[in-house]
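I would like the atomic coordinates for the input below:
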Amino acid sequence: MSQNARASAIAAVVSYKSDATPLNFREIPSPSLFGVNTFNEKEMRARLPKPIFKALQRSIKKGDKLDSSISDAVATAMRDWALEKGATHYAHVFQPLTGITAEKHDSFLSPTGDGSAISEFTGKQLIQGEPDASSFPSGGIRSTFEARGYTAWDVTSPAYILENANGTTLCVPTAFCSWTGEALDKKTPVLRSMQALNKQAQRVLKVLGNSEPDYVFATGGPEQEYFLIDRNFYFSRPDLNICGRTLFGAKSPKGQEFEDQYFGAIPDRVLACMLETERELYKLGVPVKTRHNEVAPSQYELAPIYENANVATDHQQLTMLMLQKIAPKYGLACLLHEKPFAGINGSGKHLNWSLGTDSANLLEPGDNPHQNMQFLVFCAAVIRAVHKNARLLRASIAHAGNDHRLGANEAPPAIISIFLGDMLTDVFEQLEKGKLESSKKGGYLTIGVDTLPALPKDAGDRNRTSPFAFTGNKFEFRAVGSNQSISGPLVVLNTIVAESLDYVATELEKATGGDASKLAGAVQTLVQSIYKQHKAVVFNGNNYSEEWHQEAEKRGLPNLRNTVDALVAIKDKEAIALFDKYGVLNPRETESRYDIYVERYCKDINTEGRLCLGMARSSILPAAYRYQGELAQTAAAMKACGRTPDTSSLDAVTELTGQLEGAIKLLQHAVEHTASGDLLAHAKHYRDEVCPAMVKVRGVADELEQIVADDLWPLPTYREMLFIR
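Alright, predicted model coming up:
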């Protein structure tokens, strides 16, 4: 092979030797590491005066309004703790509408005027920061010349220390808003939606007989799927480096069809990377629980225990950061795109969502769910919420990357439906008929080997094809994309369930009039009514099947197949009114998000289209020309020797090269053409013109990859990237 980038990458991978320092888990056991870099409750209790500690905990755990007078004491304690950890700077960390984390660093040092300096961190500096608001997406809320924006301390999410080889930084999770008070970030709506959810859930609990219910909060546990490939391959592929996915690549002779990757032995280099990633996450208090090989070659999964949804959002951002930060130490690149490689499974971020208090999960059915009034009420409210707001829920996971994944064999379709399982479906069907007598039991599973114990059997199977599945005591939203912040789906889930609980509380209050003796009958009547009206969203079968698509259409369930169609739901009058009513987003904030997400779609496809065009012109077409030339020279040499050459290969390459030239012209026209009209018209142009043109270029290029001489092909192939480790 010639010494091109591809050959060099393969040589580097084959000769890879780790230079990362091995970790010593015996010296410092994992339990003692957990949370050491977080300003958690333990640290607060040890460092704060008791009255201040109690006031702070009331804000964190009960949602009480924060008393700003305690901020100086908290800031001093936080500063002292951070200095002991070696921190030189503090940073307000926020989540702008780019979907990634942003941070502004300031030094603790403050000159004293006598040539020396002191370490200073005041309550004012803790509570409020001021980054430039004009350079972040705002959807028209802020003009370029209107630069002022504020970060505000989120007391409910613990501050933490971020380590670097040359020092550490105190990171303070914050919300980010404009000078006019409008949310410019993803955290603020999460906090508002959790506040709305608590208010309505408490109303329901009071009607059900709990006179002083605890604070109700949403919980989240996002499972993270990702790919790890060698960095040499990553930097030899401009498409992976710039777009996060391969714009070209013929299918490997072996993919995932042998089903030998899923839960297989984790390669040593990958496992070493996982172990260090988990170690760093432990320090930050991220409750990482599970790791394993995923279905596709070189694909893996990391999953935490679920926790307070706001904290889970922050921890998920840290998880993605650490995966990408640690991977290079082991010569790897972490790919978080939903579909880095065509023809094999993409990556999702299954969001496990529930709601509860410090002492109870409100979606816990118990041993006899038909007798569990509280569970039936809250579960029915979720069913109603999802059915009524399926379009909005679909919009919450809509972006260009997820369009490649949704509806494929590894992901649920774009049709939003609920899997309840046999037991719960049976309970609700009994309710619908007006007679609730029993719950199905799982019993025990007999394996047939005397030495193996009898295993308790669940009352129903799992359904991995469902986009929104009940999994024991929570719902799993499986359609969330792997590269996506979970804040958007959480905001929608929390808000639509808050609206549904508002409806439930109002109906029960009217039906009972405060008379507890009427409660059981009122609950049965209400749950029965909800299920009758909204059972169309419940489906326990194969969501991948064509039959389901036809059935879903009959049921009136929306099938929004792409981002452009899905995002329109954000601008529905009903959606704008919903967010406004519950104080989650005002109309201007909602409309700004629509503009930002549509514009981001256009930017994503524009970047991919231009890169696809450049790679086809400068890398793939020249390789085809060279091979065409070699074949032509060989044919001419054979003719000169009096032999009749077989020109079938030359004919095939010539035909495909001509097709590639034509496809490149079409893509160039699509990319350079400017659509007229509003932002939505531009998005439709990218969907209807640029995307199909890219597919055509790729189709021809991938055929050429399988014909052109191996030493001339410029890009690392799927076989190499996925299987050379």
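
in the helix or strand that contains residue 45, what's buried?
Here residue 45 sits within helix 41-47, counting by DSSP states H and E. If you call a residue buried by 16 or more other C-beta atoms under 10 Å, then helix 41-47 has these buried ones: 43, 44, 47. In short, each C-beta sits where N, CA and C put it, glycine included.

tell me the mean pLDDT for the helix ranked longest in the chain?
Longest among the helix segments of the chain by residue count, using DSSP state H, is helix 587-615. For helix 587-615, mean pLDDT rounds to 97.

Then stretch 168-183?
Stretch 168-183 comes out with an average pLDDT of 92.

buried set for it?
Buried positions in stretch 168-183, judged by neighbour count with 16+ other C-beta under 10 Å: 168-178, 182-183.

farthest pair in these?
Using C-beta to C-beta, the pair of those lying farthest apart is 168 and 182, separated by 33.5 Å.

Look up the closest residue to residue 594, ignoring the ones flanking it.
The spatially closest residue to residue 594, leaving aside those adjacent along the chain, is residue 570, at 4.3 Å (C-beta to C-beta, 6 or more residues apart in numbering).

Pull the contacting residues for that neighbour.
For residue 570, the contact set (C-beta atoms under 8 Å, 6 or more residues apart in numbering) comprises 392, 395, 590, 593, 594, 597.

before we move on, the earlier item: for whichever helix or strand comes after the longest helix of the chain, the averaged confidence score.
Tracing the chain C-terminally past helix 587-615 and defining elements by DSSP H and E, one meets helix 621-640 next. Average pLDDT, helix 621-640: 95.

Equivalent analysis for stretch 342-356, please.
Stretch 342-356 comes out at a mean pLDDT of 94.

For it, measure first residue to last.
40 Å (C-alpha to C-alpha, to the nearest Å).

Buried residues, that stretch. List them.
342, 344-356.

Which one of the residues you listed is nearest to residue 536?
So of the buried residues of stretch 342-356, ranked by how close each gets to residue 536 (C-beta to C-beta), first place is residue 353, at 21.3 Å.

Quick check: that closest one touching residue 219?
Yes. With contact defined as C-beta atoms under 8 Å, residue 353 reaches residue 219; the gap is 6.9 Å.

quick one: the strands in the stretch 201-350 of the chain?
217-222, 224-230, 288-293, 299-304, 307-308, 332-335 (DSSP state E, counting those that start in this stretch).

what lines up beside the second one in the sheet?
Strand 224-230 has the following strand partners under DSSP bridges: strand 299-304 (antiparallel), strand 332-335 (antiparallel).

Could you tell me which residues make contact with the nearest residue to residue 154 once chain neighbours are set aside?
Using C-beta to C-beta, 6+ apart and skipping the chain neighbours, the partner closest in space to residue 154 is residue 173 (4.7 Å). By C-beta under 8 Å, 6+ apart, the residues touching residue 173 are 93, 94, 153, 154, 157, 158, 159, 187, 314.

Now pLDDT too, for those residues, in TSV please.
TSV is the format used below for those (pLDDT from 0 to 100):
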residue	pLDDT
93	95
94	94
153	94
154	94
157	95
158	96
159	97
187	96
314	97
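
about what we covered before: what does the residue nearest to residue 154 show for phi and psi?
phi -60, psi 130 (degrees, to the nearest 10).

Provide the partner residues of it in its beta bridges.
Beta-bridge pairing of residue 173 under DSSP bridges involves residue 93.

Please tell me how far it sits from residue 91.
Plainly put, residue 173 is 10 Å away from residue 91 if you go by C-beta to C-beta, to the nearest Å.
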